[in-house]
Structures are given as structure tokens and as C-alpha cells.
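Q: Predicted structure and sequence below. I'll ask about it afterward.
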Amino acid sequence: MNGMVRKSCQSAVLVIMAAGHNIAGAAGAETEWFADTEATAIYDDNVSRAERERDIVYDKMLLANIGLAYNRELSSERAITLRSFLQIEQFFEVEGLSHSSVGGQFIYRWQNELGFSAPFYQFNTTVQFNEFRVQQRDNTEINSQFIVSKRITDSILASTGLEYNYQDSSGVVFDQSRSRWFLNADYATRSGWALYGTYSFIHGDTTSTAQAVFCNGAAAPDTFGLVIASEAIEVDQAFSDEFCGKWVSYRLNANTNMLVLGLNKGIGNSMALDFSVRKVLVNGAGDNDYDRTIFNASLLVRFR
């Protein structure tokens, strides 16, 4: 991709050295300012993260992100990037989930030795403030990652890493923390397309939303197990405002397996198209198991 930033399955705003060269070769200048934008169409077949068929809600979203970044080489083996960003995501079925975000990111990348096949490392931390249509979901989010990458062949770049995510919300259920281990591989074809895949194992908090009171006023009799297993529970304003009855969200401890498969196509030196599908399998406390499939189509542009 000629060093173009691509949409990453590792975090929402992660900037990674997609070209896989050493730091000096990737940056090409001692200091550099650049802006980047993203426009993404998303389909989620279980935005409510529900186990029962009756509670499953699908949605379509549009996401726009614009960022301004400053990159500086510290030496031929080290570089830092500082990035600020503004993001807006619009939901069409459950409008209360729509939100705007502002945040900043610090990225430090380095190599212990120069060379085409020498591993390179990255540490990044993102602080993000999310404001939703419903106040209980407003949160401050902190996300940190450590990544090790190595070029295997001229065409294959492999990465593995650890991530920690923490959210402090205005509600109760949406205070969350989780850790993740991931393994990623990128394969660049001669036609200019890049194929990538990421497997992740996530341990920590997850949420699930269910209808606790039906539209006729009767209480759902099969939510008692969720109440017992949950770490926190509250009425979900976003779903209750959109649908009849009363909807509640639960915070549960869970193990999650996630697989992302994607295609990326660079267009010149400043644009890229990205298509991906994400399968999420969640095994929550109290046998609350659910799955989601999420489709993304993105246009990415960098301005120097």
C-alpha cells in the first residue's frame, strides 16, 4: 500500500506500519504532518448482542472519522506519532446508539536492529470521549496495545499483540474492562490487493440487551438466569425508547473469540478501499452465549 494507513481490525483508530519497512524508510522525512479520513458503511446482524431470537436487533451504520497526525523520527530505528481525531457514527434502527467521539492517540514504534526481516514493535495508547444520544452510554475510553510485527516473506507480514480496554460510563452496565490477545497476517498480492486476517481472544466484560417486559406489559419469565449471572443491570434507554416494552442491558464476564477477514486495495499513494467481515462468538456467564456478524466497507484517504 506504499505506506498508506489502512483500516485495522486491531483497533478503531490504530495506525500501523503497513508497508513493513524499517522506521526511517517508512517515514521518509524527519518530521511530517498529515491528515487522514475514513468513511465506512457497516451492517451488524446483532447490535443488541442478544442470545434469544426475539431480542436480536440488526442495524446499519455510517461512520466518518477525520484525524490530524504529527510523525517524528527520533532515530533511524525509532519514531513517534501523535494523532487527534473526530468521529461520528450514525445508527439507523436504534438511533440512541448514535454517537460522536473526540480523542487522541500516542504511538511509539521501534526496531532493535535494521533489516528487511528484523521484527519491529509498536506501543500505542488512545484516549477517547464518546457522547451518545442517550446519556447513560456516554463514556471515556482508554485503549492500549503492544504489537510485535515481522515480515515473513516479500508478501507476508505477521503481527501479534496484547490489548487492554477500559470504559468509564455515565451508567452502570457500560463501565467495562477487557483484555485481548490477537494474531494477524497480511498477504500482498501482485495485483495490488492485500488479504488480511486476525484472530482474537478476548476476556472480560461484555454487555447483552434483552426485552424484560413485553409490549403487553407481561414480564419475560426467562431472564432470571441473566439477572443472577450479571455483574450489573439497568434499563437500556436506547432500546426502550425505540421499541415497545422495557429493555434492559446486563454486564457479564465473558470469553470471546473473534475472526476478521478482509481485503484492502491501495489507490495511488493516498487512498485505499477496505472490505472486511467480522465473526464474534461470545460465551458469557450464566450460559449467555451469542454471536454477531459485522460487515464493513471503507474508503480511506490520507492528505499530506
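A: Here it is on my side, so go on. Numbering: from 1, shown residues only.
Q: Nearest spatial neighbour of Y250, chain-adjacent residues omitted?
A: Excluding the flanking residues, the one nearest Y250 by CB to CB, 6 or more residues apart in numbering is S230, at 3.9 Å. For every residue, glycine as well, the C-beta is placed using N, CA and C.
Q: Distance of that neighbour relative to L68?
A: From S230 over to L68 the distance is 41 Å, taken as CB to CB, to the nearest Å.
Q: Looking at these two, which one has more neighbours?
A: With neighbours defined as other CB atoms under 10 Å, S230 and L68 compare such that S230 has more, 23 against 14.
Q: quick one: contacts for the more buried one?
A: Contact analysis of S230 by CB atoms under 8 Å, 6 or more residues apart in numbering lists Y250, R251, L252, A285, G286.
Q: which two of these lie the greatest distance from each other?
A: For these, with distances taken as CB to CB, the pair at the greatest spread is R251 and G286 (11.8 Å).
Q: For this protein, which segments are assigned as helices?
A: 23-27, 224-229, 237-242 (DSSP state H).
Q: a markdown table for those, including mean pLDDT and mean neighbour count?
A: Shown next, in a markdown table, are the helices of the chain (pLDDT from 0 to 100; neighbours: other CB atoms under 10 Å):
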| stretch | mean pLDDT | mean neighbour count |
| --- | --- | --- |
| helix 23-27 | 37 | 18 |
| helix 224-229 | 79 | 14 |
| helix 237-242 | 96 | 19 |
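Q: give me phi/psi at the residue nearest to Y250?
A: Per-residue torsions, S230: phi -80, psi 150 (degrees, to the nearest 10).
Q: so what pLDDT did it get?
A: Among the per-residue scores, S230 shows a pLDDT of 90.
Q: Against V127, how distant is E234?
A: Counting by CB to CB, the separation of E234 from V127 is 25 Å.
Q: meant to ask about S240, not that
A: Taking CB to CB, one finds S240 at 30 Å from V127.
Q: Tell me the buried residues in stretch 106-117?
A: I107, R109, Q111 (16 or more other CB atoms under 10 Å).
Q: so the first one makes contact with Q122?
A: Yes - I107 is within contact range of Q122, at 6.5 Å (criterion: CB atoms under 8 Å).
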